[in-house]
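K.L.:
here's a sequence, model it:
(one chain, ligands or ions: 1)
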Amino acid sequence: MKQRETWATRTGFILAAVGSAVGLGNIWRFPFVTGEGGGAAFLLVYLLFVALIGFPAILAEFVIGRKTELNPVGALMELGGTGWKYVGGIFILTGFVILSFYSVVAGWFTRYFLEGFRGSYGSLLAGYEGAAAEAGEPEAAIMFADLSTGLDAFVFHTLFMAVTIGVVALGIRRGIELAVKVMVPAIVLLLVGMAVWAFTLPDAGAGYAYYLSPEFSVVAENWTTLLPAAAGQAFFTLSLGMGVMITYASYLGEDRNLGRDGTAIIGFDTGIAFLTGLVVFPVFFAAGITEPGEGGAGAIFISMTEAFATISGGHLIGLLFFGTVMIAALSSAISLLEVVTAYVIDEKGIDRWKAALGMGSVIYVLGVPVTYDLIFLDLLDGFADGILLVFGALMLVLLVGWIAPAFAVQELEKGIGDLGSLGEAWLWAIRVPVLVVLVITLSLGVLEYVDFLTGPFADWIGENV
Ligand code: PFF
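P.N.:
Numbers count the residues shown, from 1 in each chain. The predicted structure is shown next:
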């Protein structure tokens, strides 16, 4: 058998995991979920979930991966028995579903980035003046409607997926590790630069106030939707619940301090989400957009293009902004495809490049309907994020906490040393509070998804089929 690949360096693993965690979840989703959820009040709930649920859960994925040195399907079978291959199968399915729509949305960012080379965002919007007047809608909304579906979206979905496949096909060291060593520092530098620039904007204060002053009443009134949204966002942003962290930890040859690595990864991810808010909200307010939470998937495109068209210096910052998101999305897409690819390599004995190309192509096809109508985005996103990831995390917690706990603390102690009662505390955190939150989140997520299927989706079917 060919020897399994490993990371070349310690930072390689951390950067790859950070690259996976930091993505559309931080930049595209985080601001509008936070805006809708009562600003800082939502942020607090979310941070609580990240620390109390995300941290124990990421450690669970790490120990599984490092112990077994296998892809998620093989790893679960080794620890839990053959029946667990079905759970592993769900992980692979989750990777398929998420990457399919993720690539379309990332394609939009790529398009908006490249559009910036054709002219300033103001001049691009001017091109939509006629259509906007006719429809009675803002130019930026017409532009988004134009670019987010149809041939444009299809072409950029294709392009983005092709690059993702290329990086994964090159392998762990030559592909993923090399790519993230450039991408992750670039994301951090660009965002810090943009946040400093945003600080100088007129009305930045109003943006910070909107972002950072908590409205607890919003959380209290809408907790049945906000709590699962905050928990779901915590899992999504940390790439938990489908085996990314299992897979990445499976390439760790040596015994390293997983507690420290987990803290670094979560710290980076949260820091970058927070930083994005410090860029996005001042920009919105400087452009006179005071209800940035509204508008769903297109919100950030519409508001940001409007803002970049109005603010001086907006052209350059717009380019940087869309470019940054594109890079962040790529480093996450790579991790999604890597899970699926590792499974095919390990379990089916297929070459890496064939596995990446084959699986990538199927995922690509699954994403195509999203370029036809955005209802498919809600269909896939709601299913993956509200149900599949939470279910996956629940299964992992059951496995590590209750079914095969014997190896877990021992594995965690490698590279750290004797954990004493902390090890037990970690296990009990997983066994009870994390499990309870997951069960509640899953139940609420299922209810919400059923509402979507019987409501908006059924209406869409009625109108279009
Ligand atoms: N964590 C990524 C983000 O925040 O955009 C998305 C993601 C990647 C989710 C990988 C799940 C995953 F397995």
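K.L.:
quick check, the residue in the stretch 101-250 of the chain closest to the ligand?
P.N.:
Nearest residue of the stretch 101-250 of the chain to the ligand (Cβ to the nearest ligand atom) works out as S239 at 3.6 Å. Yep, even glycine has a C-beta here, placed from its N, CA and C like the rest.
K.L.:
now the closest residue to the ligand within the stretch 251-400 of the chain: which helix or strand?
P.N.:
The minimum distance from the stretch 251-400 of the chain to the ligand, using Cβ to the nearest ligand atom, falls at S332 (4.2 Å). Remark: S332 resides in helix 314-348, with elements defined by DSSP states H and E.
K.L.:
in that helix, what's buried?
P.N.:
The neighbour-count check on helix 314-348 (16 or more other Cβ atoms under 10 Å) flags 314-315, 317-347 as buried.
K.L.:
need the residues of the chain near the ligand, please.
P.N.:
The chain has residues 20-21, 23-26, 98, 236-237, 239, 242, 244, 332, 335-336 near the ligand, with proximity defined as Cβ under 6 Å from any ligand atom.
K.L.:
still on that earlier bit, helix or strand next in line after the helix holding S332, which one?
P.N.:
Proceeding N to C from helix 314-348, the next assigned helix or strand is helix 352-372, under DSSP H and E.
K.L.:
that following helix versus helix 314-348: what angle between them?
P.N.:
On the basis of axes from the mean of the first three to the mean of the last three Cα atoms, to 10 degrees, helix 352-372 is oriented at 130 degrees to helix 314-348.
K.L.:
and the pLDDT for N222?
P.N.:
Listed pLDDT for N222 reads 81.
K.L.:
mind listing what it touches?
P.N.:
Neighbour list for N222: G37, G38 [criterion: Cβ atoms under 8 Å, 6 or more residues apart in numbering].
K.L.:
quick one, phi/psi of it?
P.N.:
phi -120, psi 30 (degrees, to the nearest 10).
K.L.:
from L419, how far out is it?
P.N.:
From N222 across to L419, the span is 39 Å (Cβ to Cβ, to the nearest Å).
K.L.:
cool, E291 as well?
P.N.:
Distance, E291 to L419, using Cβ to Cβ: 48 Å.
K.L.:
and those two? which has more neighbours close in?
P.N.:
The residue with more neighbours, out of E291 and L419, is L419; 15 against 12, by other Cβ atoms under 10 Å.
K.L.:
quick one: the closest residue to that one other than its chain neighbours from E254, how far?
P.N.:
Spatial nearest neighbour of L419, excluding adjacent residues (Cβ to Cβ, 6 or more residues apart in numbering): E413 at 5.4 Å. E413 is 14 Å from E254, where distance means Cβ to Cβ.
K.L.:
distance-wise, check G205 relative to G314.
P.N.:
From G205 to G314 the distance is 19 Å (Cβ to Cβ).
K.L.:
and the host helix or strand of A299, what does it pack onto?
P.N.:
Element membership of A299, judged by DSSP H and E, is helix 299-310. The helices and strands touching helix 299-310, judged by 3 or more Cβ pairs under 8 Å, 6 or more residues apart in numbering; DSSP states H and E, are helix 30-36, helix 85-115, helix 121-126, helix 139-148, helix 258-286, helix 314-348.
K.L.:
count the neighbours of A75 for me.
P.N.:
A count of nearby residues for A75, using other Cβ under 10 Å, gives 29.
K.L.:
for the residue nearest to it when sequence neighbours are not counted, give me the pLDDT.
P.N.:
Excluding the flanking residues, the one nearest A75 by Cβ to Cβ, 6+ apart is T68, at 4.0 Å. Listed pLDDT for T68 reads 95.
K.L.:
got the contact list for T68?
P.N.:
With the criterion set at Cβ under 8 Å, 6+ apart, T68 makes contact with G74, A75, E78, L79, S250.
K.L.:
then the worst-scoring helix or strand of the chain on mean pLDDT to CSV, C-alphas only?
P.N.:
Least confident element among the helices and strands of the chain, by mean pLDDT, DSSP states H and E: helix 30-36 (a mean of 77). C-alpha atoms of helix 30-36 as CSV (Å, rounded to 0.1, in the frame of the first residue of the first chain):
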residue,chain,number,x,y,z
PHE,A,30,-22.2,35.9,9.6
PRO,A,31,-23.1,39.6,9.0
PHE,A,32,-26.6,39.0,7.9
VAL,A,33,-27.4,36.3,10.4
THR,A,34,-26.0,38.7,13.1
GLY,A,35,-28.0,41.6,11.6
GLU,A,36,-31.2,39.6,11.6
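K.L.:
surely A230 touches E36?
P.N.:
No: between A230 and E36 there is no contact under Cβ atoms under 8 Å: 11.2 Å.
K.L.:
need the strands for the stretch 351-465 of the chain, in chain order.
P.N.:
Using DSSP state E, counting those that start in this stretch, no strands are found in the stretch 351-465 of the chain.
K.L.:
just say helix, strand or coil for S312.
P.N.:
Under the three-state scheme (DSSP: H, G, I helix; E, B strand; the rest coil), S312 adopts coil.
K.L.:
and it, how many neighbours?
P.N.:
8.
K.L.:
comparing E413 and E254, which shows the higher neighbour count?
P.N.:
With neighbours defined as other Cβ under 10 Å, E413 and E254 compare such that E413 has more, 18 against 11.
K.L.:
list the contacts for F281?
P.N.:
Per Cβ under 8 Å, 6+ apart, neighbours of F281: P31, G207, Y208, Y210, Y211, P292.
K.L.:
and with 6 Å instead?
P.N.:
F281 makes contact with G207, Y210, Y211 under the criterion Cβ atoms under 6 Å, 6 or more residues apart in numbering.
K.L.:
what's near enough to touch the last one?
P.N.:
For Y211, the set of contacting residues under the criterion of Cβ under 6 Å, 6+ apart consists of G39, G277, F281.
K.L.:
then I53?
P.N.:
With contact taken as Cβ under 6 Å, 6+ apart, I53 is in contact with V434, V437.
K.L.:
SS state for it?
P.N.:
Quick answer, by three-state DSSP: I53 is helix.
K.L.:
from the ligand, how far off is it?
P.N.:
15 Å (Cβ to the nearest ligand atom, to the nearest Å).
K.L.:
and the pLDDT for that residue?
P.N.:
For I53, the predicted pLDDT is 89.
K.L.:
good, we can wrap up now.
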